[in-house]
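K.L.:
how would this look folded up:
(2 chains, ligands or ions: 2)
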Amino acid sequence: MWEKVKSFASEFFVTGDPLIYGADVSIALTLIALVSVLTYFKKWKWLWKEWLTTVDHKKIGIMYILSAFLMLFRGGVDALLMRLQLAVPELDFLLPDHYNQIFTTHGVIMILFMAMPFMFGLFNVMVPLQIGARDVAYPFLNALSFWLFFFGAMLFNLSFVIGGSPDAGWLAYPPYSELMYNPGPGQDFYIWGIQISGIGSLMTGINFIATILKMRAPGMKLMKMPMFSWSVLSSCIAIIFSFPILTATLALLFLDRYGGAHFFTLDGGGNPMMYINLIWMWGHPEVYIIVLPAFGIFSEIVATFSKKKLFGYKSMVYAMMIISLLSFLVWAHHFFTMGTGANVNAFFALTTMLIAIPTGAKVFNWLFTMFRGKITFETPMLWTIGFIPCFVTGGLTGVLLSVAPADFQFHNSYFLVAHFHHVIIGGVVFGYFAGLYYWWPKMFGFKLNERIGKWAFWFWNIGFYLCFMPQYVLGLMGMTRRVFSYGWDKGWGDLNLVSTIGAFLMGIAFLFQVWQIAHGVKHRKDNLDKTGDPWKHGRTLEWSIASPAPHYNFAVLPQVTEQDEWWEEKLRKKQGQFVPAAPKKLEPIHMPRNSGIPIIISAFFFVAGFGFVFHWTWFIIAGLAGVAACMVAHSFNYDTDYYIPVDEIERTEAESRVTN
Amino acid sequence: MAHKEMTHSPEETHGSFKAYTLGFVFSIVLTVIPIAIVMNGWLEGRANAIMLMVFAVLQLAIQLLFFMHLREEKKPRYNLISLVFGLVILLVIVAGSMWIMMYNMVAV
Ligand code: HEM
Ligand SMILES: [Cu+2]
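P.N.:
Ligands and ions are numbered 1, 2, ... in the order given. Predicted coordinates:
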């Protein structure tokens, strides 16, 4: 019996690597600490009532962002481990298998479990406030999306200590991701982690399209909508058309692995290139999905901190829409070298270069907005200014990569690694940081310390250039992507060492940010945002209400006449032309009720996914039965909403009186 | 949902019992016939493929008309625009993949 348990355990848990034992211990300790703190302070009920079952978009947004930060930490540790291994030639700190697992999990986590939830967090926190709505279109679905993402991400992360991590790269190209070469559970964790969270992403896309199209405040025509909301709309359109492709592709891969089908195998009539073709039809739009909202954030910030109207509003809107359409027509630039022939390559090279045009237009719009503006350099603006050179250089190397013949030289080299980190960190991560700093006072009601924020900014930026600039050169010197070690004779040592130092500077920058948040929480009483408009030059509706926003957002729905409504209203007040509309009578506000179903149903999805990973039929059945039961339970629940009475609204408003 | 804006006015119906039943029957029929064709080997090669695709397209139309209420939307024609956009993407996926894969010298 004991022997049996032991052999099961050694197969089930990943063993034999001190790094992983370390992780086991730290995971166990964190869990124990968490449970004891919650129990000691009797916070379980509070946690359940206030957070785990909430359908309030602002709280869901905060949970998304918190998860994204945790994942940024995990993905970042992966990155540092890799850079450590590559710092000096011929190290064997990480063995090849382990290196493969680390770059795979790093890539997946950063894109799907860091960038995506960070983005969804910002959507959730700000879109309803910006468009003057009280909630998203489908609050219950919104909570469900979050929990599906969360449990999908947890399933994926579990692979690290149970069963073994996937190691076929962040896009899991076959044939290596097929059963024949990759029999362990790692690849199945990949499939199910992404599938489960993918359902959530698709639903969020639908939810925000409906929210933006249907729930804008009266008078807010589409062409008067704030830029960030526009960027969310364009990003969500790309989501709802591209995520089904991902789902279908991974489902086919799953059928290959689980059901013995031959869609992408080398034998039985399959063709791995079809997988690569399909996965990039999702993968390319995906990078635009995550960067478009960052463009929206920069547009808001540039206008606010230059105290000017955004230059070329309409052209920005068109540029975004064109980008989200064009992003569906360029996917083959990811496999120029796979022998698709000159015509195909020429077509996709051209469509790729076309995207540079609307993108360039946007950059000029931002520059013109700053031109002659009275710029102040608070942290959100710093990130925006840091982003521009970063994105321009990253974009230029991207144009180089889109030249098909040249790509035969760059393909799968460190040149590529440098390029995509350049645009992803410089565009996406910097953009979301900018958004987080910008909206932080609105989310939590207090301001963060600017000094620590500036330290973080400079460490990120200097580290960033030190880390990735040498990699362009390394790529041209012949260093290929995904190598785990190299010899002294190559002459790559110095540049790699510089690159690693840069990576660690970014690690320190992250610590500054954690410190900044901890410091902010500790000293929040001294930095309360009492005005609701902490940057003093806010332009859009979210700045017209108290910070943090009351849970019904707007006591009275705003009436919109202008593009930057709040800014215009302040102007009118200043010029003495402000005619306050007859104060509207407060009415009871219709709100959705909290529900435990989203978290429970997602937990059952997790169980089913776990069963699929280990081929445990009874687990699968139990999980799916639980899912079905939750659906039935929810469809018989008629108690889904309530009204906030007027006196309660009055009390809340009086407590959070906007004083300006 | 929980919002005034999202509730439906009485004219915007959700389809009648009859429409739902009809849609249901149609979609069953359109599922059974292709299965029968394949299981019994009634058709082969190109004819088979074409018939299956025809049934798939009909099925799509039935779903859109009877269950997704494509016809019933009034003014802002978001539904129609997104349907057209969806069809464009579908075309890009199918035609693009065929183009790419046919030129692929690795496969042959
Ligand atoms: C913060 C500093 C970061 C460092 C130092 C870093 C470092 C690395 C390294 C060393 C690799 C492996 C390259 C190879 O061996 O082929 C890699 C791959 C990758 N990184 Fe990062 N990374 C960072 C941030 C990010 C972020 C923020 C994202 C996305 C949001 C990201 C996305 C990826 C992807 C998609 C891959 C490819 C994985 C694969 O080859 O399958 N990285 N990164
Ligand atoms: Cu691409």
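K.L.:
wait, A:Ile240 sits on A:Ile209?
P.N.:
Yes - A contact is recorded between A:Ile240 and A:Ile209 when judged using Cβ atoms under 8 Å, the distance being 6.9 Å. In short, each C-beta sits where N, CA and C put it, glycine included.
K.L.:
Please identify every residue contacting each of the two.
P.N.:
Shared between the contact lists of A:Ile240 and A:Ile209 (criterion: Cβ atoms under 8 Å, 6 or more residues apart in numbering or on different chains) there are no residues.
K.L.:
Just list whatever residues bridge to A:Ile162.
P.N.:
With beta bridges defined as DSSP bridges, A:Ile162 has these partners: A:Phe13.
K.L.:
Tell me which residues touch it, please.
P.N.:
Contact analysis of A:Ile162 by Cβ under 8 Å, 6+ apart lists A:12-14.
K.L.:
now do 10 Å
P.N.:
By Cβ atoms under 10 Å, 6 or more residues apart in numbering or on different chains, the residues touching A:Ile162 are A:12-14, A:24, A:155, A:185, A:189, A:610, A:613-614.
K.L.:
Also B:Val84?
P.N.:
With contacts defined as Cβ under 10 Å, 6+ apart, B:Val84 is in contact with B:Arg77.
K.L.:
and if you look at the one 4 residues further on?
P.N.:
Counting by Cβ under 10 Å, 6+ apart, B:Val88 touches A:241, A:325, A:328.
K.L.:
Could you report the distance from it to A:Phe328?
P.N.:
When Cβ to Cβ, to the nearest Å is the yardstick, B:Val88 and A:Phe328 sit 8 Å from each other.
K.L.:
Name the residues contacting each of those two.
P.N.:
Common contacts of B:Val88 and A:Phe328 (Cβ under 10 Å, 6+ apart): A:Phe241.
K.L.:
where in chain B is pLDDT low?
P.N.:
Applying pLDDT under 70 to chain B picks out residues B:1-15, B:71-76, B:104-108.
K.L.:
Just give me the residue closest to the centre of it.
P.N.:
Residue closest to the mean C-alpha point of chain B, counted by Cα atoms, centre = their mean, is B:Leu60 at 1.7 Å.
K.L.:
any idea which element it lies in?
P.N.:
Assessed by DSSP states H and E, B:Leu60 sits inside helix B:45-62.
K.L.:
The biggest helix by length in chain A near ligand 1 anywhere?
P.N.:
With DSSP state H setting the assignment, residue counts place helix A:272-306 as the longest helix in chain A. No - in terms of Cβ under 6 Å from any ligand atom, no part of helix A:272-306 sits within range of ligand 1; the closest distance is 7.4 Å.
K.L.:
does that helix come close to chain B?
P.N.:
Yes - part of helix A:272-306 sits close enough to chain B to count as contact by Cβ under 10 Å from any Cβ of the partner chain, namely A:272-274, A:276-278, A:281, A:285.
K.L.:
In helices, which of the contacts of B:Val88 appear?
P.N.:
Under the assignment DSSP H, these contribute A:241, A:325 to helices.
K.L.:
and of the contacts of B:Val88, the nearest to A:Leu148?
P.N.:
Taking Cβ to Cβ as the measure, A:Leu148 sits nearest to A:Phe241 out of those, at 19.5 Å.
K.L.:
you'd agree the closest one is up against A:Ser235?
P.N.:
No - between A:Phe241 and A:Ser235 there is no contact, the gap being 11.3 Å when judged by Cβ atoms under 10 Å.
K.L.:
so what sits against both of these two?
P.N.:
Residues within reach of A:Phe241 and of A:Ser235 at once, by Cβ under 10 Å, 6+ apart, are A:205, A:285, A:324.
K.L.:
quick check: mean pLDDT across the helix or strand where the first one lies?
P.N.:
Secondary structure assignment for A:Gly205, by DSSP H and E: helix A:186-214. Summarised as a single mean, pLDDT over helix A:186-214 is 95.
K.L.:
buried stuff in it?
P.N.:
For helix A:186-214, a neighbour-count test (16 or more other Cβ atoms under 10 Å in any protein chain shown) marks A:186-212 as buried.
K.L.:
That one near ligand 1 anywhere?
P.N.:
No - Helix A:186-214 stays clear of ligand 1 (Cβ under 6 Å from any ligand atom), getting no nearer than 11.1 Å.
K.L.:
Is any residue of that helix near chain B?
P.N.:
Yes - judged by Cβ under 10 Å from any Cβ, helix A:186-214 and chain B are in contact via A:209-211, A:213-214.
K.L.:
of all these, which comes closest to A:Thr384?
P.N.:
Proximity of those to A:Thr384 was ranked by Cβ to Cβ; the top entry is A:Thr211 with 25.7 Å.
K.L.:
is it true that the closest one touches A:Leu129?
P.N.:
No - under the criterion of Cβ under 10 Å, A:Thr211 makes no contact with A:Leu129, lying 11.4 Å away.
K.L.:
Find residues that contact each of those two.
P.N.:
Among the neighbours of A:Thr211, those also in contact with A:Leu129 (Cβ under 10 Å, 6+ apart) are A:57, A:229.
K.L.:
Show me where chain A has its strands.
P.N.:
Per DSSP state E, chain A has strands spanning A:589-592, A:641-644. These are given in chain order.
K.L.:
In contact with the residue nearest to A:Leu416 when sequence neighbours are not counted, which residues are there?
P.N.:
For A:Leu416, ignoring the flanking residues on the chain, the nearest one in space by Cβ to Cβ, 6 or more residues apart in numbering or on different chains is A:Phe410 at 5.8 Å. Residues in contact with A:Phe410 (Cβ under 10 Å, 6+ apart) are A:336-337, A:397, A:400-401, A:403, A:416, A:418-419, A:472, A:475-476.
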